[in-house]
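# sequence-free structure coming up:
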């Protein structure tokens, strides 16, 4: 039972470098989400997708891009990393947008930008 | 955006004690959710509440959806060491992509 898988688990970047975080889910879910978690801030939604080929902005989208070329994958990109993007990133998926449908989270990616 | 006030920020308790935490909002929500995050893992849903006044249990956990729809609480009875983690409340008007998360309550249980 893989559920939601995130890679990599840890990454260190220098300011200005780029990287892509990969999220894969094997539950055939339509909806996928990227959150960031900062100390004392809870979880904040960066971008989400309501289906293959679609993306939408969340609460804190600036500095990030996403793509959903395949239904099972949701990629989060940082084109030019900044220290303010040091955070733990979580991907999640759900069968529909309704809160009747449970959100399944991955185990997170710890990103440090120096 | 909407904000949730979750309290307390942290709790240190002895094994066997009961725990209570709550969330309040200035906005009305249609759904209240409670998640637990173990160290190094993503949040896992504990309890979902969909109706004002609803009281729901999941083992030693009990949560209630406030009558005003602006608050919710979570109780854990007879705590055990594996209850350690961060507990998050989340409220929504009905969509998963409109969830607002609280800042979390860090629970430490001393054996």
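Perfect, I can see it now. Bear in mind the structure is a predicted one, so any value in this text is a computation, not a measurement.

# measure the residue most central in space within chain A to chain B for me?
Of all residues in chain A, the one closest to the mean position by Cα atoms, centre = their mean is residue A:34, 2.7 Å from it. To chain B, residue A:34 is 11 Å away according to Cβ to the nearest Cβ, to the nearest Å. Just so you know, the C-beta spots here come from the backbone N, C-alpha and C atoms, and that holds for glycine as well.

# what secondary structure does that residue sit in?
strand (DSSP: H, G, I helix; E, B strand; the rest coil).

# so what sits opposite it in the bridge?
Note on residue A:34: beta-bridge partners by DSSP bridges are residue A:47, residue A:91.

# hang on, isn't it packed against residue A:90?
Yes - using Cβ atoms under 8 Å, residue A:34 and residue A:90 qualify as a contacting pair, with a distance of 7.5 Å.

# quick one: pLDDT of the residue nearest to the centre of chain A?
Residue A:34 is assigned a pLDDT of 97 by the prediction.

# low-confidence ranges in the chain?
I'll assume chain A. A:1 (pLDDT under 70).

# hmm, I had chain B in mind actually
Counting by pLDDT under 70, chain B contains low-confidence ranges at B:1-2.

# closest approach to chain A from it, which residue is it?
residue B:42 (3.0 Å; Cβ to the nearest Cβ).

# so what's the residue count around that residue?
Counted with other Cβ atoms under 10 Å in any protein chain shown, residues neighbouring residue B:42 total 23.

# got the phi/psi numbers for it?
With angles defined as degrees, to the nearest 10, residue B:42 sits at phi -80, psi 160.

# do the same with residue B:97
phi -80, psi 10.

# cool, residue A:84 as well?
Residue A:84 has phi and psi values of phi -70, psi -10 when expressed as degrees, to the nearest 10.

# who does whichever residue of chain A sits closest to chain B bridge with?
Going by Cβ to the nearest Cβ, chain B is nearest to residue A:105 of chain A, at 3.0 Å. Bridge pairing for residue A:105 (DSSP bridges) gives the partners residue A:92.

# my guess is it meets residue B:36, correct?
No - at 11.0 Å, residue A:105 does not count as touching residue B:36 under the criterion of Cβ under 8 Å.

# which neighbours do these two share?
B:43, B:44 (Cβ atoms under 8 Å, 6 or more residues apart in numbering or on different chains).

# so what's the closest residue to residue B:19 other than its chain neighbours up against?
Spatially, and ignoring its direct neighbours in sequence, residue B:19 is nearest to residue B:76 (4.2 Å; Cβ to Cβ, 6 or more residues apart in numbering or on different chains). Residues near residue B:76 by Cβ under 8 Å, 6+ apart: B:18, B:19, B:20, B:60, B:61, B:83, B:107.

# the closest residue to the residue of chain B closest to chain A other than its chain neighbours and residue B:101, how far apart?
Excluding the flanking residues, the one nearest residue B:42 by Cβ to Cβ, 6+ apart is residue A:105, at 3.0 Å. Distance, residue A:105 to residue B:101, using Cβ to Cβ, to the nearest Å: 12 Å.
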